[in-house]
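*Asks:* Following is a predicted model, sequence given first.
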Amino acid sequence: MTLVELLTAVAVTAVVMLSVYGALTAQQRLYGEEQLILELQQNMRTALDAAAQTLEQSGYWRCVDPHRIGRDGSGVKNVLRDAGRLFQTHPVVGFNNVSPDSDPFTDGQTRRGTDVLGYSFLDPAFHGPLAQDQTVPSDPLRLVKNSFTSSLKKGEIVFVTECRRSALFQVTGVSTSSGVVTLEHDPALGTPGNATRCLQCDNGTSACLNESACAAAGTGFAKDVSFVHPVRVGYFRVNTTGEFQWIEGGPETGVQFVFSGPRTLAENVEDFQVEFGLDLSPTPDGSVEAWVPADAVPDTMPEDGFPDWERVTAVRCHLLGRTRRAFKNYVDTTPYLFADRDAEPARDGHRRLHMMKTVILRNAMP
Amino acid sequence: MPCRKGPNGNVVIGGFPMKPVIPTGPCQNRWDQKKTPGIELRAARGVPDGEKTRGFTLVEVLVAVVVAVVVFLAFFSLHAIGLRSRAHARLVSAALNAAADFVDQVALSGGDPVVIDGEGVADSGFLENGVRTGSGSVFSRRWDIQRGVPAPHLVTVRVILCWSEPRKPPPTAGHCDFPDPTAPHVALEAVLYRP
């Protein structure tokens, strides 16, 4: 073999090896990118599923018809609705494209332009039977001690119902003795959501009854047919660092009902948009006639200060996430348009994924 | 192809001087050479006349080149297939998400007609390139809603989402239909309870 032949062979081999190496490198890069996209997809799907599992319970208030609440201002759920804080008793509430003025959270960590979605329901898994017949609200509430009732804390907001009538109040003290858990409450205290302002009963047909009517003979809560459930209230939002957060309400060490300790469901989320499915039938039938953003939910009773959240029978959640690192030789020029989002293409190297999930609020149906 | 003697007495085939390893008698044509065992044609370019060298035959070189081309084509076609699969998988994921949303919306529709995205639709139909996702993907949708099937108070929902891909049938009504759509598609079927 001559030197020329050898050099030619080496050159040809080098070209071949370089092209193979280039192809393998490209494959490796694509594999890495797909792994990132897969990770993003799994995170977003898991986050939406987790949010949906909670949202599907929205509006569960045992015997209380959520559609009636808020329409005419009646109902025990309205007791704390004007708390002036994040506590609320609607099946869902929303804040559309939050700005510094409309951000419901005081920490200033909500990502501007995204939506915030709140929910409320009674904890259906909670088993809290009464230990004796009660004339709530004049008496402390005595419950059979079990693993559920033992976990109740001061500051928790609870709902007691025997279906014909119900009461909603905040626990101002908990004591345990000889198999009985005693919940104290104090109607004289001030701000709802902070402490009990008003303890009222709802017989399901008339406007919210006052305390004396609730405590009248025959209007109490009978043992064996009355149960206590804590109220679960929470929110989903995207914070400024791109975390899709689940923020739950609960008592602090005092009687304060606070929203703290957010849990991160997914990272690298850029947008969270919510559409509300409205049942606009004169007689609610559970079907969705229109999908609207939070600020377009109708308000047939402006005087109560709240939109008709009880008309919402479904929510459609949109998440837009991006890979945790940018891709080489890629520029994202896609205009991601969903819900009422009006965003410009990011024009960076991150791959993005839009995912949506429609959640039926079964408990909100008539 | 003519067979003649070159200036050095080498056999010249197709303009390339080739040296006969085993001298033979009269010049033979290619047909004769093929039929004559022991004949090898060796590259003589740059090789001193009369010097015996070893090398590759033209056939060997051609076979090697063909094999290399086939291998490289296979390798790079795999790469292309990978890229196409990547795009396909992404569309499947988006289409599945949209199909599930359709079923959810049917479940939310209490009356007749079914309301999808705020508009009433018939129980069966086809919408060509009318479903647009937030990522900008466009799908055609074929759906069929059968009330009272398979039993009273049950509703069977079938939906197919089709899309366009190179060298595949387009997502038209004919290619995106039950029971066997030929366009790239995802199909979803659900049975809903409707008391």
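*Replies:* Received, thanks.

*Asks:* Now the most centrally placed residue in chain B: phi and psi?
*Replies:* In chain B, the C-alpha nearest the mean C-alpha coordinate belongs to B:I81, at 6.7 Å (Cα atoms, centre = their mean). In this entry, B:I81 is assigned phi and psi values of phi -60, psi -40 (degrees, to the nearest 10).

*Asks:* Repeat that for B:A107.
*Replies:* Reported as degrees, to the nearest 10, the phi and psi values for B:A107 are phi -60, psi -30.

*Asks:* How many neighbouring residues does the closest residue to it other than its chain neighbours have?
*Replies:* The shortest distance from B:A107 to any non-neighbouring residue, by Cβ to Cβ, 6 or more residues apart in numbering or on different chains, is to B:L192 (5.1 Å). Backbone N, C-alpha and C define where each C-beta goes, glycine included. If you count neighbours by other Cβ atoms under 10 Å in any protein chain shown, B:L192 ends up with 17.

*Asks:* do B:F72 as well
*Replies:* 14.

*Asks:* is it fair to say it lies in a strand?
*Replies:* No - if the criterion is DSSP: H, G, I helix; E, B strand; the rest coil, then B:F72 is helix and not within a strand.

*Asks:* quick revisit: mind listing the strands the helix or strand where the residue nearest to B:A107 lies pairs with, and their directions?
*Replies:* When elements are assigned from DSSP states H and E, B:L192 belongs to strand B:185-193. Using DSSP bridges, the strands paired with strand B:185-193 are strand B:154-162 (antiparallel).

*Asks:* If you average the pLDDT over the strand it pairs with, what comes out?
*Replies:* Mean pLDDT, computed over strand B:154-162, is 95.

*Asks:* List of residues touching that strand?
*Replies:* B:95-96, B:98-99, B:102-103, B:106, B:131, B:139-150, B:171, B:175-178, B:181, B:183-194 (Cβ atoms under 8 Å, 6 or more residues apart in numbering or on different chains).

*Asks:* May I see the PyMOL selection of the buried members of the residues you listed?
*Replies:* Of the contacts of strand B:154-162, the buried ones go into a single PyMOL selection, burial set by 16 or more other Cβ atoms under 10 Å in any protein chain shown:
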select buried, chain B and resi 95+98+99+102+103+106+131+139+140+141+142+143+144+145+171+175+176+177+181+183+184+185+186+187+188+190+192
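
*Asks:* Sort out for me which of the contacts of strand B:154-162 are in helices.
*Replies:* Mapping these onto helices (DSSP state H) picks out B:A95, B:L96, B:A98, B:A99, B:F102, B:V103, B:V106.

*Asks:* ok, and the closest non-adjacent residue to the last one?
*Replies:* If I follow you right, that is B:V106. B:V157 (5.0 Å).

*Asks:* repeat for the first one
*Replies:* Counting by Cβ to Cβ, 6+ apart, the nearest residue to B:A95 once its immediate chain neighbours are dropped is B:L161, at 4.1 Å.

*Asks:* bridging residues for that neighbour?
*Replies:* With DSSP bridges as the rule, B:L161 is bridged to B:R141, B:V186.

*Asks:* how much space is there between it and chain A?
*Replies:* Distance of B:L161 to chain A, computed by Cβ to the nearest Cβ, to the nearest Å: 14 Å.

*Asks:* how many other residues sit next to that residue?
*Replies:* If we define neighbours as other Cβ under 10 Å, then B:L161 has 31 of them.

*Asks:* Return the distance of it relative to B:P181.
*Replies:* Distance from B:L161 to B:P181, counting by Cβ to Cβ, to the nearest Å: 10 Å.

*Asks:* With A:G242 instead?
*Replies:* Going from A:G242 to B:P181 by Cβ to Cβ gives 38 Å.

*Asks:* Let me see the contact set for B:V138.
*Replies:* Per Cβ under 8 Å, 6+ apart, neighbours of B:V138: B:N129, B:V131, B:R132, B:W163, B:S164.

*Asks:* Can you add distance to A:D103 and give those back as CSV?
*Replies:* Shown next, in CSV, are the contacts of B:V138 (distance: Cβ to Cβ, whole Å):
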residue, distance to A:D103
B:N129, 39
B:V131, 34
B:R132, 31
B:W163, 39
B:S164, 42
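
*Asks:* Please identify which of these is nearest to chain A.
*Replies:* For the contacts of B:V138, the minimum distance to chain A (Cβ to the nearest Cβ) is 8.2 Å, reached by B:R132.

*Asks:* Now do the same contact list for that closest one.
*Replies:* Contacts were defined as Cβ under 8 Å, 6+ apart; by that measure B:R132 touches B:V138, B:F139.

*Asks:* Let me know the pLDDT of A:D279.
*Replies:* pLDDT recorded at A:D279 is 87.

*Asks:* The closest residue to it other than its chain neighbours: neighbour count?
*Replies:* Closest residue to A:D279 apart from its sequence neighbours, by Cβ to Cβ, 6+ apart: A:T313 at 4.7 Å. The local packing of A:T313 (other Cβ under 10 Å) involves 29 other residues.
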